[in-house]
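Peer 1: generate coordinates for the sequence data below:
(chains A and B)
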Amino acid sequence: MIGDGSLERFKREGRIVVVGASLAGLRAAEALRDKGFAGSLTVIGDEPHEPYDRPPLSKQVLLGKAVADRTALPRLRSVDATWRLGVAAAGLDMAGRRVRLADGDEVPYDRLLIATGVRARPWPREAEAELDGVFVLRTRNDGAALARRLAAGPKRVLVIGAGFTGSEIASACRERGLAVTVAERGSAPLVGALGGVVGAVSAEMQREHGVDLRTGVMVTALEGDASGRVRAAHLSDGSTVETDLVIISLGATRNTEWLAGSGLGAGPRGIACDAGCRAFDVRGIVTDDIYAAGDVARCPHPLFGYQFLSLEHWGNAVTQARIAAHNMLSESIDRIPHMEVPAFWSSQFGVNIKSVGVPSLGTEILIAQGSLKDHRFVGVYGYQGRVIGAVAFDQARWLPFYQELIETTAPFPPPFPTVDRHSDGARPLDADFPDPSIPTHGPTVTLSGYSPADRRMTFTPAH
Amino acid sequence: MERTDHVVRIAVDLNRCQGYAQCAFLAPEIFVMHGEEALLYNPDADEAQRDKLAQAAAACPVQAILVDAVGAGAEAVSGDR
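Peer 2: This is a model prediction of the structure:
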């Protein structure tokens, strides 16, 4: 594209293929049309459903207040696309510019957007994972099946993994009056994303709401009865939990296996791309016709030392989709970088949890407002003397203020006297994140890239 | 085809939502506060609720409520074509 009119021709009659028909794929398709792309647009999705919203699946749906197959995403405009739903992409031919589908079909493209996202990490022992009563929660079908089981009144639910999804599931179960045990390998719920200081609050919330929370333990085996129904779980501390419904919440795995051998820089940690969402090939050279967006993308973020961030966040999928769409239709000089401050939310045990920035990069935390013991506070995270993240428990309206501190790389501890004078706010504490070399549940943020500690210089093929 | 034209799809950008609860006053069948500031909503309203929904979306101080654009909601999403 060198100003010879080829871009205009591409916008008029080119072919764009979007692989992934969830939030990022849909919003990208809409943005492409919004920005005047009039060529052919094909959206490929492995699930047979139209694009749907996932956050309600672990909240409204499990509470019985919404139906799993009715969380379709609103359409912000018409996209006039060819939808290939219910068939997964199975391979990519970069030289021939074709996506191969699981049914053998091939779809040619001029530009490709990959938004294949992640899937729930399954229970590692296959025979146990197949027991009746063992679930994961990621898709609409998972949500429908799980909601049915919860409505049937299980005797005790066991949630394995106390990240955001696991904690939300436990919360919904308690609200429905179900007995729940939560088993977490780390020292507290949410510890990987928010650290031990906030994790302790989360643990207190779970216990106050009647969750049987077991931390520092692993589930070593699931046991079925003669008819193949799960009946118990064995824990690393020697104890046994009798349960008839087990939900595996061990984070997510990136859907990149279909790209193995294609030459694209894709692996277990996602698809490496530049700040403009253009994917790298395995040689570290940026492509100009392949883009990535959403949970599967991993791109350098200017606010965080240009480290490559993978963010499994709703807002990240929306923003990257728009940036990728814009850049796919732009001359190189007009391209824009992805530099939105990461943000996410969760609601559990009646508390609204929201975060901006990247708390898990922080080493210290200052409780700037409210108090930990009231479960109502703002925690500000610091890293090397600057504000790098913030989390709010039932204090969401303050977050834009802290977001500005992150955007302006404000010093940590923040230079203003705390707005809300409270003993917790007196001085920063160690944020108490777990040692990153010890695996816990799947992180919501994956960091990699230019750090000297990153030894992964070779391409890791999928197994 | 999975749907008829009689539903309106809804999503709320909960990064934006700050719990002002205007929607819960204007369309309580769809939006309910859950705890002090978290919002629960039904992602799939009846066509009959469209007016109330439009009011709620317009009243949101942070414009966090996303609904089907007029004309876009009914667009066909089929399998292979």
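Peer 1: ok, A:K155 to chain B distance?
Peer 2: 26 Å (C-beta to the nearest C-beta, to the nearest Å). Placement of C-beta: from N, CA and C, glycine included.
Peer 1: surely that residue touches A:A179?
Peer 2: Yes - at 6.8 Å, A:K155 counts as touching A:A179 under the criterion of C-beta atoms under 8 Å.
Peer 1: roughly how far out does stretch B:34-52 sit from the chain middle?
Peer 2: 6 Å (C-alpha atoms, centre = their mean, to the nearest Å).
Peer 1: using PDB, write out every CA atom in that stretch.
Peer 2: Presented in PDB, the C-alpha positions along stretch B:34-52 are these (Å, rounded to 0.1, in the frame of the first residue of the first chain):
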ATOM      1  CA  HIS B  34     -27.200  -6.500  42.900                       C
ATOM      2  CA  GLY B  35     -25.600  -5.400  46.200                       C
ATOM      3  CA  GLU B  36     -24.700  -1.700  46.500                       C
ATOM      4  CA  GLU B  37     -23.300  -1.000  43.100                       C
ATOM      5  CA  ALA B  38     -23.200  -4.100  40.900                       C
ATOM      6  CA  LEU B  39     -25.700  -4.400  38.100                       C
ATOM      7  CA  LEU B  40     -27.500  -7.500  36.900                       C
ATOM      8  CA  TYR B  41     -29.400  -7.400  33.700                       C
ATOM      9  CA  ASN B  42     -31.400  -9.700  31.500                       C
ATOM     10  CA  PRO B  43     -29.500  -9.700  28.200                       C
ATOM     11  CA  ASP B  44     -32.600 -10.500  26.100                       C
ATOM     12  CA  ALA B  45     -35.600  -8.200  26.400                       C
ATOM     13  CA  ASP B  46     -39.000  -8.500  24.600                       C
ATOM     14  CA  GLU B  47     -39.800  -6.200  21.800                       C
ATOM     15  CA  ALA B  48     -42.500  -4.800  24.000                       C
ATOM     16  CA  GLN B  49     -39.900  -3.500  26.400                       C
ATOM     17  CA  ARG B  50     -38.000  -1.700  23.600                       C
ATOM     18  CA  ASP B  51     -39.200   1.800  24.600                       C
ATOM     19  CA  LYS B  52     -38.400   1.400  28.200                       C
END
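Peer 1: what's that stretch in contact with?
Peer 2: Identification of contacts with stretch B:34-52 by C-beta atoms under 8 Å, 6 or more residues apart in numbering or on different chains yields A:53, A:56, A:59-60, A:63, A:65-67, A:70-72, A:347, A:350-352, A:394, A:396, B:5-12, B:14, B:17-19, B:21, B:23-24, B:26-27, B:29-33, B:53.
Peer 1: what comes up buried for it?
Peer 2: B:34, B:37-45, B:49-50, B:52 (16 or more other C-beta atoms under 10 Å in any protein chain shown).
Peer 1: can I get those residues in CSV with pLDDT?
Peer 2: Listed next are those as CSV, based on pLDDT from 0 to 100:
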residue, pLDDT
B:H34, 93
B:E37, 91
B:A38, 94
B:L39, 95
B:L40, 94
B:Y41, 94
B:N42, 93
B:P43, 92
B:D44, 88
B:A45, 86
B:Q49, 90
B:R50, 89
B:K52, 93
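Peer 1: any chance of those in TSV, plus secondary structure?
Peer 2: Compiled in TSV, these are given as follows (DSSP: H, G, I helix; E, B strand; the rest coil):
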residue	secondary structure
B:H34	strand
B:E37	coil
B:A38	strand
B:L39	strand
B:L40	strand
B:Y41	strand
B:N42	coil
B:P43	coil
B:D44	strand
B:A45	strand
B:Q49	helix
B:R50	helix
B:K52	helix
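Peer 1: with adjacent residues omitted, what lies nearest to the residue at minimal distance from the centre of chain A?
Peer 2: With distances taken as C-alpha atoms, centre = their mean, the residue of chain A nearest its centroid is A:E312 (2.0 Å). Once flanking residues are discounted, A:E312 sits nearest to A:D295: 4.7 Å by C-beta to C-beta, 6 or more residues apart in numbering or on different chains.
Peer 1: what sits against that neighbour?
Peer 2: Shown in contact with A:D295 (C-beta under 8 Å, 6+ apart): A:A24, A:G117, A:V118, A:A252, A:R254, A:G270, A:S310, A:L311, A:E312, A:N316, A:A317.
Peer 1: do the same with A:I16
Peer 2: A:I16 touches A:L32, A:F37, A:G39, A:S40, A:L41, A:T42, A:Y109, A:D110, A:R111, A:L112, A:L113, A:M328, counting by C-beta under 8 Å, 6+ apart.
Peer 1: now list the buried members of the contacts of stretch B:34-52.
Peer 2: In terms of neighbour count (16+ other C-beta under 10 Å), the buried residues within these are A:53, A:56, A:59-60, A:63, A:65-67, A:70-72, A:347, A:350-352, A:394, A:396, B:7-12, B:14, B:17-19, B:21, B:23-24, B:26-27, B:30-33, B:53.
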